[in-house]
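Enquirer: I'd like to go over a predicted model; first the sequence, then the structure.
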Amino acid sequence: MSKKRLFFVFVAIVFVLLAIPASLMINAVMEPEENQEQNPVKEEQEILSPGETIQQFADVIYTYDTSERPFYEGAEEYMTPEAYEVLVPMQDPEATDGAPIKMTSKLDSVTCYYKVSDSPQVEAIADVEYSLSGMGDFRNHQLLKLVLTYTDGWKISECTVLATIEQ
C-alpha cells in the first residue's frame, strides 16, 4: 500500500506541475482579448470637455511662429467649419506685398467664465494672456466670446474678439 500511495502522490505532483504552466498560458492568451474589450474608448478619439476644447484651441492660436505655420492652422480641429472660415483671414492670391511679417506668440494663461444652459450649447468668455513679438515685444490680454456646440464632441461655433489690451 505504501507503494500505491507513493505512486498516487507522484502522479498528483506531476499533474499539478503540468497544470500550473497550462493555466498561465491560457491566462496569457485570454488577457489581450480582455484588454481589447475593456479599452475600446482609448483607441477612439477622446471627447474633450468645453474647458479642454477652449484650452487646446487657445494653445493653437496663441502659440505659434509664423515662419513655421500661420496662427490659425490646426484650429479647425476645435471649431465648426463655419467658425473656422470666419477665423481664417481673407487672402488675396494676387497680393504680393513682399515678405510676410514674422511673428511669434506664446500663450501665457487662459481663464474661462461659462454660462451653461440646458441647450447643447455653452457660452464662455475667455480672458487670454499672451506674449507677442515680431514688431516689438508686447504682452497682451484678449477677451473672447466663445460659443461651443456639442455635435460629436464640443466644437467652437462662434469666436468673437471683444477687446484687446496691450501692456
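Expert: Sure thing, it's come through. Numbering: from 1, shown residues only.

Enquirer: Only C-alpha atoms from now on, for both contacts and neighbour counts.
Expert: Will do.

Enquirer: what residue ranges in the chain score low on pLDDT?
Expert: 1, 14-19, 21-45, 90-100 (pLDDT under 70).

Enquirer: beta partners for residue 106?
Expert: With DSSP bridges as the criterion, residue 106 is bridged to residue 131.

Enquirer: and it, what is it in contact with?
Expert: With contact set as Cα atoms under 8 Å, 6 or more residues apart in numbering, residue 106 has these partners: 62-64, 130-132.

Enquirer: Pick out whichever of those sits closest to residue 155.
Expert: residue 62 (17.7 Å; Cα to Cα).

Enquirer: list the contacts for that closest one?
Expert: 71, 105-107, 130.

Enquirer: Let me see the ranges of the helices in the protein.
Expert: Ranges of helices in the chain, per DSSP state H, are 2-38, 40-43, 50-62, 81-87.

Enquirer: circling back: got the contacts of residue 106 as JSON lines, with distance to residue 153 columns?
Expert: What follows is those, written out as JSON lines (distance: Cα to Cα, whole Å):
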{"residue": "62", "distance to residue 153": "22"}
{"residue": "63", "distance to residue 153": "23"}
{"residue": "64", "distance to residue 153": "25"}
{"residue": "130", "distance to residue 153": "27"}
{"residue": "131", "distance to residue 153": "30"}
{"residue": "132", "distance to residue 153": "31"}
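
Enquirer: just the buried members of those residues?
Expert: Among the contacts of residue 106, those classed as buried by 16 or more other Cα atoms under 10 Å are 62-64, 130-132.

Enquirer: Residue 160 bridge partners, please.
Expert: Going by DSSP bridges, residue 160 forms beta bridges with residue 145.

Enquirer: where's it relative to residue 145, distance?
Expert: 5 Å (Cα to Cα, to the nearest Å).

Enquirer: These two: which is more packed in?
Expert: residue 145 (17 against 14; other Cα atoms under 10 Å).

Enquirer: Contact partners for that one?
Expert: 123-126, 158-162 are the contacts of residue 145 under Cα under 8 Å, 6+ apart.

Enquirer: Mind giving me the ChimeraX select for those residues, buried ones only?
Expert: If you want just the buried ones from the contacts of residue 145 in ChimeraX, going by 16+ other Cα under 10 Å, the selection is:
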select :123,124,125,126,158,159
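
Enquirer: Kindly reformat the contacts of residue 145 as JSON lines containing distance to residue 87.
Expert: Putting those into JSON lines (distance: Cα to Cα, whole Å) gives the following:
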{"residue": "123", "distance to residue 87": "18"}
{"residue": "124", "distance to residue 87": "17"}
{"residue": "125", "distance to residue 87": "17"}
{"residue": "126", "distance to residue 87": "16"}
{"residue": "158", "distance to residue 87": "9"}
{"residue": "159", "distance to residue 87": "8"}
{"residue": "160", "distance to residue 87": "9"}
{"residue": "161", "distance to residue 87": "10"}
{"residue": "162", "distance to residue 87": "14"}
